[in-house]
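Asks: task: produce atomic coordinates for the following.
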Amino acid sequence: MTAQEILEKLVAFPVLGGDSNLEIINWIKDYIESFGITTTLVPNEANTKASLHCRIGPPSDGGVILSGHTDVVPVKGQPWDTNPFELVDKGDGNLYARGSCDMKGFLACCLATIPEMVKANLTKPIYFAITYDEEIGCLAAEALIEDIKKSYSESPKFAIIGEASMLQPIIGQKSIHILDITVNGSEGHSSRIKQEVSAVHEAARIVLWAEEKMNSLIVSGGRDERFNPPHSSLHVGTINGGIAANVIANKVELSLDIRCLPQDDANQMHQDLLAFCKEREQQQRAIFSEFKIDVVENHPIVPALNTSEDSDAVDLIGNITGNYNWTTVSYASEAGHFANAGYESIICGPGSIKQAHRANEFISKDQLNKGVTMIQSLVKHLETTF
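Replies: Modelled structure (predicted):
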């Protein structure tokens, strides 16, 4: 099957983050095993989802992991011109579907190249590492990596995470920490604003704390010009509460998105927020004894990526794509998990991130073909280099 034919199959599985991915992962499993390759599934506790890994080539140290995910973001409310879960060729050189760019295009490139992998005289192995629930916090990456480490006696050296980058190597990403905050105040008539504790006013203080915290990081010199913006960011993305202008709100919910430079500590920012909330609780309980601020992790921290520009991974991507011009991004991927596990990790895949998560998402045929060429070049590289 060609990469386009495989991509047509993959996008037809409408697996959103949080959904069961068993249908798509079993299709991938059956396809891989049709070439005589042994695969391993790593299920979640409920056996409703599974990641997959496999090895192609000899059990020797120094191999390359190719990593991707099976889930996509929702399409509800987006003005799609076509069925988002059907690959559509409009004749303009692009292939339209949800997930075509992010990141089933990369998976299609990998799967389409399996015949060449199994025929090659590989001196180092190629591994596939395919996860679920990446789009809602990279929830499956750690368990998959742990199982890879247990399953193989040898140690891979590299991990290529195929997020859309126009095949440009990406060596750095910020960490992401999302916190859900609930402020519980006291309800009352608006004329009693000084006798009650408004959840809206207290939520506003949290918003200002986040803004001031971000500015203090900038002023203190916490910058890395490789990133845009070149500092850690704190952003309140949602805030909901209150019922009327003349009613003091007793409950407000808000979400805080923290994106940290590799050198900054997201855990410390979490602790700083908790300290601020505790301070507000102590002060306002003199007015309302049950005043409380709850802070809950939306999902575990997605770790940053900080691969050295002198890394062998940069040379590897340069050798197989001809592109040595690395960059960094402010979005997150599973690359940080692989890097923390000891693999030289880098993001590089076909398609443009500008197309991800939007209506009429597409990958160009040219990028899909270049993605296949990159994997083919990796196969040749692992035949002749070592």
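Asks: so the residue nearest the centre of the chain: helix, strand or coil?
Replies: Nearest residue to the geometric centre of the chain (CA atoms, centre = their mean): Ser333, 3.0 Å. Judged by DSSP: H, G, I helix; E, B strand; the rest coil, the three-state class of Ser333 is coil.
Asks: any idea how far it lies from Phe288?
Replies: Here the criterion is CB to CB, to the nearest Å. By it, Ser333 lies 43 Å from Phe288. Quick note: C-beta positions are derived from backbone N, CA and C, even for glycine.
Asks: number of nearby residues for Leu87?
Replies: 24 (other CB atoms under 10 Å).
Asks: what about Cys110, helix or strand, and which?
Replies: If you go by DSSP states H and E, Cys110 is part of helix 104-112.
Asks: name the next helix or strand downstream of that helix, please.
Replies: Beyond helix 104-112 on the C-terminal side, the first helix or strand identified by DSSP H and E is helix 114-119.
Asks: so for that following helix, mean pLDDT?
Replies: The pLDDT scores in helix 114-119 average 97.
Asks: surely the residue nearest to the centre of the chain and Cys138 touch.
Replies: Yes - between Ser333 and Cys138 there is a contact at 7.3 Å, judged by CB atoms under 8 Å.
Asks: list the residues that contact both of these two?
Replies: Val302 (CB atoms under 8 Å, 6 or more residues apart in numbering).
Asks: and the gap between Asp180 and Ser255?
Replies: Asp180 sits 6 Å away from Ser255, going by CB to CB.
Asks: ditto for His189
Replies: As for His189, its distance to Ser255 is 29 Å (criterion: CB to CB).
Asks: among these two, which residue is more densely surrounded?
Replies: Regarding His189 and Ser255, a neighbour count based on other CB under 10 Å identifies Ser255 as having more, with 15 against 11.
Asks: need the next SSE after the host helix or strand of Gln268, C-terminal direction.
Replies: Assigned by DSSP H and E, Gln268 belongs to helix 266-284. For helix 266-284, the following helix or strand on the C-terminal side (DSSP H and E) is strand 292-297.
Asks: so how far is that following strand from its chain's centroid?
Replies: Here strand 292-297 is found 24 Å from its chain centre; the criterion is CA atoms, centre = their mean, to the nearest Å.
Asks: show residues contacting it.
Replies: Applying CB under 8 Å, 6+ apart, the contact partners of strand 292-297 are 177-184, 202, 206, 270, 273-274, 277, 280-281.
Asks: try 7 Å
Replies: Residues from elsewhere that reach strand 292-297 (CB atoms under 7 Å, 6 or more residues apart in numbering): 179-184, 273-274, 277, 280-281.
Asks: just stretch 182-200 next, same as before
Replies: In contact with stretch 182-200 (CB under 7 Å, 6+ apart) are residues 202-203, 241-242, 245-253, 284, 287-288, 291-294.
Asks: circling back to that earlier point, find residues that contact each of Asp180 and Ser255.
Replies: Asn298.
Asks: still on that earlier bit, for the helix holding Gln268, packing partners?
Replies: Helices and strands touching helix 266-284, as assessed by 3 or more CB pairs under 7 Å, 6 or more residues apart in numbering; DSSP states H and E, comprise strand 175-184, helix 199-219, strand 251-260, strand 292-297.
Asks: what separation is there between the closest residue to Tyr31 other than its chain neighbours and Ile28?
Replies: Counting by CB to CB, 6 or more residues apart in numbering, Tyr31 lies nearest to Leu111, which is 6.2 Å off, once chain neighbours are set aside. Counting by CB to CB, the gap from Leu111 to Ile28 is 7 Å.
Asks: before I go, just wanted to say thanks for your time.
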